[in-house]
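**Student:** sequence and predicted model, in that order:
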Amino acid sequence: MSKSKTLLGICFVLILGFLSLIAGTLVGTLFVPGDSGLAGPAIALGYGVGGALIGLILGLVLIRRLSYDQLRPVLIGAAIIALLACAWLIYRVRIVQQGSAKQQFEDDTVLFSPPLVHDIRLAPTWSGQARHSLTSKMALSP
């Protein structure tokens, strides 16, 4: 095996392992029960590690069977798919972070109750004398 095919093979095995890790984790999330609690992410990661091992073994078998000319386009295709997977993961993590920040903001606004403001006004009566009127309302401004 030449040096260039060795380098392409190492890159191919690593990219295929990464893609298999992502695929295994996504498949693992489908099999995690909803009431698993903190064990759910560990179960999904276990599926991901299993997928990565399968991908690494498959990559080793493929680099043995493919020639240099066949390996180059396969590696380029796998690299493009890996870049798209990274972009999708970054997008998904940002969406989850925005959702959790929004949820935390909504939870904080529910827990925060504004103080009562007492409004004392003098209301004229029919007899012409001022009568004190005390009303309480919620403060809307901080």
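**Tutor:** That came through fine.
**Student:** so where's this structure shaky on pLDDT?
**Tutor:** Residue ranges of the chain with pLDDT under 70: 1, 104-142.
**Student:** which residues in it form helices?
**Tutor:** 3-31, 39-65, 68-111 (DSSP state H).
**Student:** can I get those helices in JSON lines including mean neighbour count?
**Tutor:** From N, CA and C alone the C-beta is placed, and that goes for glycine too. Below are these laid out as JSON lines (neighbours: other Cβ atoms under 10 Å):
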{"stretch": "helix 3-31", "mean neighbour count": "17"}
{"stretch": "helix 39-65", "mean neighbour count": "16"}
{"stretch": "helix 68-111", "mean neighbour count": "11"}
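**Student:** any idea which residue sits dead centre in the protein?
**Tutor:** For the chain, Val93 is the residue whose C-alpha lies nearest the centre (Cα atoms, centre = their mean; 2.9 Å).
**Student:** settle this for me: Ala78 is touching Gly17, isn't it.
**Tutor:** No: with contact defined as Cβ atoms under 8 Å, Ala78 does not reach Gly17; the gap is 10.5 Å.
**Student:** overlap in contacts, these two.
**Tutor:** Shared contacts of Ala78 and Gly17 (Cβ atoms under 8 Å, 6 or more residues apart in numbering): none.
**Student:** what's stretch 16-36 in contact with?
**Tutor:** The contact list for stretch 16-36 (Cβ under 8 Å, 6+ apart) reads 40, 43-56, 58-59, 62, 78, 81-82, 85, 89.
**Student:** please disregard the earlier target; I meant stretch 44-54.
**Tutor:** With contact meaning Cβ under 8 Å, 6+ apart, stretch 44-54 is reached by 17-18, 20-25, 27-29, 31-32.
**Student:** so how far is Ser20 from Trp51?
**Tutor:** You called it Trp, but residue 51 is Gly. 4 Å (Cβ to Cβ, to the nearest Å).
**Student:** let me fix that, I meant to ask about Asp69.
**Tutor:** 24 Å.
**Student:** contacts only, for Cys11.
**Tutor:** Cys11 touches Leu75, Ala79, counting by Cβ under 8 Å, 6+ apart.
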